[in-house]
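Novice: fold the following and give me the result.
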Amino acid sequence: MLQVHTDNGNINISSNVITRIAGAAATNCFGVKGMAVRSMTDGLVHLLRKEAMGKGVRVHYNEDHTITIDLHIIVEHGVNISALSTSIIKEVRYVVGKITGAEIAAVNVFVDSIVAG
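Specialist: Down below sits the predicted model:
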């Protein structure tokens with residue numbers, strides 16, 4: 001849980017909120033087909049539906065009160081993965097920071113699969 005201190009008190013933001021915000025920000029980037037999750041039973045990567053996209057995001061709380069966000073994504077075939085990853089990192093860092101007030105140490109992008117557009 002993220003705790004943001006203000007002059008008027010403390011705000012506690014659950015990990016579920018951060019994962020949904022980060023997932024929505026990532027999937028809004030052109031070339032992202034969706035968030036991914038690897039099945040424990042068969043080891044295959046599956047595309048998550050919009051309501052479950054938070055499962056493709058992991059939030060790590062650092063000792064210096066910052067957060068690190070890991071995104072597992074599926075991208076469309078033919079996009080420049082490096083440019084897309086840079087765009088996702090900037091977008092997620094901006095949106096999550098703006099909405100939650102959290103200080104983001106890092107956003108890590110893991111491309112788990114590529115699918116035809």
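Novice: where does the protein have its least confident helix or strand?
Specialist: Lowest mean confidence among the helices and strands of the chain (mean pLDDT, DSSP states H and E): strand 45-47, at a mean of 72.
Novice: pLDDT on the longest strand seen in the chain, on average?
Specialist: Counting residues, the longest strand found in the chain (DSSP state E) is strand 104-115. Averaging pLDDT along strand 104-115 yields 94.
Novice: may I see the buried residues of that strand?
Specialist: For strand 104-115, the neighbour count (16 or more other CB atoms under 10 Å) marks I104, V107, V109, V111, D112, S113 as buried. (Glycine included, C-beta is placed from N, CA and C.)
Novice: equivalent analysis for stretch 29-38, please.
Specialist: In stretch 29-38, counting by 16+ other CB under 10 Å, buried: C29, G31, V32, K33, G34, M35, A36, V37.
Novice: what sits up against it?
Specialist: Identification of contacts with stretch 29-38 by CB atoms under 8 Å, 6 or more residues apart in numbering yields 23, 26-27, 44-49, 52-57, 71-76, 79, 84, 87-88, 91, 112-113, 115.
Novice: how far does it sit from the chain's center?
Specialist: 10 Å (CA atoms, centre = their mean, to the nearest Å).
Novice: got it, and stretch 73-88?
Specialist: The answer for stretch 73-88 is 14 Å, by CA atoms, centre = their mean.
Novice: still on that earlier bit, so which of the buried residues of stretch 29-38 are in strands?
Specialist: Short answer: these in strands (DSSP E) are V32, K33, G34, M35, A36, V37.
Novice: and those, which is closest to N12?
Specialist: M35 (24.6 Å; CB to CB).
Novice: how many neighbours does the residue nearest to the closest one when sequence neighbours are not counted have?
Specialist: In space, and not counting its chain neighbours, M35 is closest to G56: 2.9 Å by CB to CB, 6 or more residues apart in numbering. By the criterion of other CB atoms under 10 Å, G56 has 27 neighbours.
Novice: and for G78?
Specialist: Neighbour tally, G78, other CB under 10 Å: 9.
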